[in-house]
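> Have a look at this prediction, sequence included:
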Amino acid sequence: MLLRKSGQFLIIGFVLLSIACSNTPDSNKVELSHGIDESAGGLDSYIVSISNATFYLEKEGGGLSSMLDADGVDWLGFNDTVGSGWKGEYRGFPNAVHKQDGNYFHAMNAGTDKSTSVVTIETDQHVQIMVTSGNGKWQSQYDFYPDRLDFTMTQVSDGYHYWVQYEGVPGGGMDDTDFWYASIDDKAHPINESFLGDLPAPEWFAFGDANATRMIYILHHENDQHPDNYVSRPYMTVLGFGRSEKNKFLNTPQTFSLGFAESTDYGDIEKKVMGLIN
């Protein structure tokens, strides 16, 4: 009825629609901003948006605190509350250096040592952030592209080892509807089923939720003979590449891809991962 009263409403509506369209993010671009991750306890973060995800990279700890899908659901769920354990302070990615010449590349919690970070590339197709440990002996690199994040450990402290972990909450919360795929076979495994062994190349894992239309995947680009370990904990996953129980095995530069695949079909997930292999 309002449209019939005056052409003015048509003009206003067109202007508002134009403004809304101009503010819609380009799905083929990478956008970097700076802000606070409120859900993580108010941590100062780099906020990087890609086609189907928004990453919060905590600046001092040098690890991801949140990873939101296209619907705004956080698949990490970190918070820095002391004593929260599996409910918050242990979560994140890559959580790589733990009691190995320091504790680095984990969103800041009571046990994380500080790092420094700097943006080294910023274009609409690629944002790169370098993180250096406080003792100067470790360095990592985050490369954000329109479809994924690549994490690379570029410098390893001499004589020490690390692992790369996804400790999070598939679909926003850990429950019996969650499941995982991996390069071991084409079956869906219940979330409480553990795995220990060297994943067959290409080494990858993916987690899903029966109520979600997407999965989170982690690809290890270099093949090795080191063990990989998945165990479920109350409230979160513990997937470690180069891990067996609490032992760490990686000691050279390695690259891992992290992102969302907009499907829950094994064939689609495998195709997505295989497309990332150099």
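Right, received. Where do you want to start?
> Could you use CA atoms for every contact and neighbour count after this?
OK.
> quick one, phi/psi of Gly197?
phi 160, psi 180 (degrees, to the nearest 10).
> Kindly state the beta-bridge partners for it.
Asp228 (DSSP bridges).
> now the helices for this structure?
Per DSSP state H, the chain carries helices over the ranges 2-5, 7-22, 266-274.
> Out of the ones you listed, which gets the lowest mean score?
Mean pLDDT per stretch puts helix 2-5 lowest among the helices of the chain, at a mean of 31.
> so who does the closest residue in space to His98 that isn't next to it in sequence touch?
Distances taken as CA to CA, 6 or more residues apart in numbering place Tyr104 nearest to His98, at 6.8 Å, with adjacent residues excluded. When contacts are counted by CA atoms under 8 Å, 6 or more residues apart in numbering, Tyr104 touches 61-63, 95-98, 112-115, 133.
> Take those residues and keep only those in strands.
If you go by DSSP state E, those have 115, 133 in strands.
> Distance to Phe249 added to the contacts of Tyr104, as JSON lines?
Below are the contacts of Tyr104 laid out as JSON lines (distance: CA to CA, whole Å):
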{"residue": "Gly61", "distance to Phe249": "22"}
{"residue": "Gly62", "distance to Phe249": "21"}
{"residue": "Gly63", "distance to Phe249": "20"}
{"residue": "Asn95", "distance to Phe249": "14"}
{"residue": "Ala96", "distance to Phe249": "11"}
{"residue": "Val97", "distance to Phe249": "11"}
{"residue": "His98", "distance to Phe249": "12"}
{"residue": "Thr112", "distance to Phe249": "20"}
{"residue": "Asp113", "distance to Phe249": "21"}
{"residue": "Lys114", "distance to Phe249": "23"}
{"residue": "Ser115", "distance to Phe249": "22"}
{"residue": "Ser133", "distance to Phe249": "19"}
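> and which of the contacts of Tyr104 is nearest Ala210?
Nearest to Ala210 among the contacts of Tyr104, counting by CA to CA, is Asn95 at 26.5 Å.
> Could you find the closest non-adjacent residue to the closest one?
Distances taken as CA to CA, 6+ apart put His106 closest to Asn95, at 4.5 Å, once the chain neighbours are dropped.
> Touching, that neighbour and Asp80? I think so.
No: His106 lies out of contact with Asp80 (CA atoms under 8 Å); the separation is 10.8 Å.
> between those two, who's got more neighbours?
His106 (31 against 22; other CA atoms under 10 Å).
> roughly how far apart are that one and Ala188?
His106 sits 29 Å away from Ala188, going by CA to CA, to the nearest Å.
> Also Arg214?
In terms of CA to CA, Arg214 sits 14 Å off from Ala188.
> With Asn103 instead?
Taken as CA to CA, the span from Asn103 to Ala188 is 34 Å.
> between those two, who's got more neighbours?
Asn103 (20 against 17).
> For the more buried one, list the residues it contacts.
By CA under 8 Å, 6+ apart, the neighbours of Asn103 are 97, 111-113.
> again, 6 Å this time
Applying CA atoms under 6 Å, 6 or more residues apart in numbering to Asn103 gives the contacts 97, 112-113.
> Most neighbours of all these, which one?
Ranking these using other CA under 10 Å puts Val97 first, with 24 neighbours.
> What segments of the stretch 51-200 of the chain are strands?
In the stretch 51-200 of the chain, the strands defined using DSSP state E, counting those that start in this stretch lie at 54-58, 64-68, 115-122, 127-133, 139-145, 148-155, 164-166, 178-182, 185-190, 195-197.
> Any buried residues in the last one, and which?
Same thing as strand 195-197. Neighbour counts over strand 195-197 (16 or more other CA atoms under 10 Å) mark 195, 197 as buried.
> Please work out the average pLDDT along it.
98.
> residue contacts, Trp204?
182-183, 218-219.
> pLDDT weak spots in this protein?
1-26 (pLDDT under 70).
> Isn't Tyr217 up against Ala206?
Yes: between Tyr217 and Ala206 there is a contact at 4.1 Å, judged by CA atoms under 6 Å.
> before we move on, back to that, so can I have TSV of the strands of the stretch 51-200 of the chain showing distance to Glu38?
Compiled in TSV, these are given as follows (distance: least, CA to CA, whole Å):
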stretch	distance to Glu38
strand 54-58	10
strand 64-68	10
strand 115-122	20
strand 127-133	21
strand 139-145	22
strand 148-155	22
strand 164-166	21
strand 178-182	26
strand 185-190	32
strand 195-197	34
